[in-house]
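Enquirer: A structural model of the following input is requested.
(one chain, ligands or ions: 1)
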Amino acid sequence: MDAFSYREGKLFCEDVPAEELVAQFGTPLYVYSRALIVERYREFRKAFAAVDPLMAYSVKANGNLSVLRLLADEGSGADIVSGGELQRARLAGIGPERIVFSGVGKTVTELAAALDAGIYGFNVESEGELRQLAALGEATGLPAPVALRVNPDVQSPTPHRYTRTGHHDTKFGIPIDEARRLYRAAAQMPGLRLRGIDFHIGSQILETRPYVVALSRVLELVADLRREGIELEYIDVGGGFGIPYDDDEGLDAAAFASALLPLLHESGLRVVVEPGRYIVGPAGVLLTRVLYVKQLAKTFVITDAGMNDLLRPSHYASYHRVAPAELHPERESLKVDVVGPICESGDFLALDRVVERVREGELLVISTTGAYGFSMASTYNARPRPAEVLVEGRTSRLVRRRETLDDLVRGELDLLRPSFVPAGGGDDVGPPGPG
Ligand SMILES: Cc1ncc(COP(=O)(O)O)c(C=O)c1O
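Expert: As a prediction, this is how the structure comes out:
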């Protein structure tokens, strides 16, 4: 479906004009299409239906509670990487038996919380973590359900090296031979319940071959373990399924599925998938106002959204389409840098991009920002994070209010206040203050 389309030259999200949204909620503004999120989720699930996978949506892509709730209602589980994401998934109503926990640096507190919640599996990334879980399992009497995240040593062709996680010199996963040794060791640890095996080779992958190579290597290990009497229940193939950011063709879920299904079938294991970007990426845009147009050696279009609102262009040199929310095809186009207000030369949304000559005050749309948009936003330069809106047909719902300046200082003021107003002249040593 075309969730974002121009009608008589004006951008709409589903049936709501972009101008109406910003009039109500301001800019910068993340806008999500409910219908497209649901469509992408169903399309992915349908592609893999032959193995009836556990859909563990990767919360880091977009962890808004309303987005999670929407996916929970569709039956989704969650792939989480922190205690905070566990809390989000649980608040959204995702059952613990549908949650897997990934990540190289889980703290004891996070492990304990997830064990207590009764999650489906820990995707363990090191021997230290394995031993930590074994100790927790013994201490609590709740054997920890574990899978080892294996590093299959494949080069995944992602657009940036920061999003490659499946080759031997990254911090992620456990090399296959080491995993073999650890499975044997884990099988002897009473605090553990060996449950699965996992890999995740990177993000924004537009080829099926790296998945097939990785899966084949991991299934060889599964077969070896089986011969030794170590039986596993699930295989988690991670996420990373790419989407089109420009007009180039992405792969659809069916293409990934048809490459992987024969091997998955043969394994006889329960299948877990962790798509994030594929589901929410195309379903979101960022709306931003042009503050100034500055003509120097280049033309700079300065917007009210910066790298704190959308980090991907400066962090990964990633491409997002940029266009005015109201088209005027009679205008000439010119090459500009679209930059934010942050005090960093690396603060940009698009470089050397040909766009219609826009005026100050105009609204721009930054496309395909539903994944790793708001979830990577920060308050750098003491800028409140943007609002998020979910559109459904003709209606729009604020699903995260814009942060306020007060939100930014609340945690500090709370600490200062007792010393500002000493209760009964106590022996506060904080800085002096009003009152
Ligand atoms: C372990 C794991 N699973 C799943 C994902 C989701 O990736 P994507 O959003 O590209 O599908 C990531 C992303 O970094 C990840 O690290």
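
Enquirer: can we go C-alpha only for contacts and neighbour counts from here?
Expert: Noted.

Enquirer: where's the residue lying closest to T303 once chain neighbours are set aside relative to the ligand, distance?
Expert: For T303, ignoring the flanking residues on the chain, the nearest one in space by C-alpha to C-alpha, 6 or more residues apart in numbering is V290 at 4.4 Å. Spatial separation of V290 from the ligand under the definition C-alpha to the nearest ligand atom, to the nearest Å is 29 Å.

Enquirer: from what I can see, V290 looks like it's in a helix, true?
Expert: No - membership of V290 in a helix is not supported by DSSP: H, G, I helix; E, B strand; the rest coil, which gives strand.

Enquirer: who touches it in this structure?
Expert: 301-304, 358-364 (C-alpha atoms under 8 Å, 6 or more residues apart in numbering).

Enquirer: redo that, cut-off 10 Å
Expert: When contacts are counted by C-alpha atoms under 10 Å, 6 or more residues apart in numbering, V290 is found next to 301-305, 324, 338-340, 358-364.

Enquirer: Which of those residues are buried? Put it as a PyMOL command.
Expert: Remark: buried members of these, expressed as a PyMOL selection using 16 or more other C-alpha atoms under 10 Å:
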select buried, resi 301+302+303+304+305+324+338+339+340+358+363+364
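
Enquirer: Which one of the contacts of V290 is nearest to the ligand?
Expert: Within the contacts of V290, distances to the ligand taken as C-alpha to the nearest ligand atom reach their minimum at A305, with 22.5 Å.

Enquirer: mind checking the SS state of that closest one?
Expert: Local secondary structure at A305 is given as coil here, using three-state DSSP.

Enquirer: Can you check what pLDDT the model gives it?
Expert: What the model reports for A305 is a pLDDT of 98.

Enquirer: so who does P324 touch?
Expert: By C-alpha under 10 Å, 6+ apart, the residues touching P324 are 9-11, 287-290, 355-359, 362-366.

Enquirer: What distance do you get for it to F172?
Expert: The spacing between P324 and F172, counted by C-alpha to C-alpha, to the nearest Å, is 40 Å.

Enquirer: Can you flag which of the contacts of P324 belong to strands?
Expert: Filtering the contacts of P324 for membership in strands, criterion DSSP state E, returns 10-11, 287-290, 355-356, 363-366.

Enquirer: one step back: if I look at the residue nearest to T303, how far off is L334?
Expert: The separation that V290 has from L334, given C-alpha to C-alpha, amounts to 15 Å.

Enquirer: cool, F25 as well?
Expert: Counting by C-alpha to C-alpha, the gap from F25 to L334 is 30 Å.

Enquirer: In terms of neighbours, single out the busier of those two.
Expert: Set side by side, F25 and L334 show unequal neighbour counts under other C-alpha atoms under 10 Å, the larger going to F25 at 19 against 13.

Enquirer: which phi and psi does the spatially most central residue of the chain have?
Expert: The structure's the chain has its C-alpha centroid closest to A61; by C-alpha atoms, centre = their mean the separation is 1.4 Å. Backbone torsions for A61, taken as degrees, to the nearest 10, come to phi -70, psi -40.

Enquirer: quick one: contacts for the closest residue to the ligand within the stretch 101-250 of the chain?
Expert: When C-alpha to the nearest ligand atom is the measure, the stretch 101-250 of the chain has its nearest residue to the ligand at G240, with 3.2 Å between them. Under the criterion of C-alpha under 10 Å, 6+ apart, the contact list for G240 reads 58, 156, 158, 163-165, 200-206, 211, 273-278.

Enquirer: contacting residues around L261?
Expert: Applying C-alpha under 10 Å, 6+ apart to L261 gives the contacts 47-51, 212, 254, 267, 271.

Enquirer: what does H168 give?
Expert: Taking C-alpha under 10 Å, 6+ apart as the definition of contact, the neighbours of H168 are 151-155, 174-176.

Enquirer: let's see it at 7 Å
Expert: Applying C-alpha atoms under 7 Å, 6 or more residues apart in numbering to H168 gives the contacts 151, 153.

Enquirer: All the helices of this protein, residue numbers only.
Expert: Taking DSSP state H as the criterion, the chain carries its helices at 18-25, 34-47, 65-73, 83-91, 108-117, 127-140, 176-187, 209-227, 253-267, 277-280, 312-316, 405-420.
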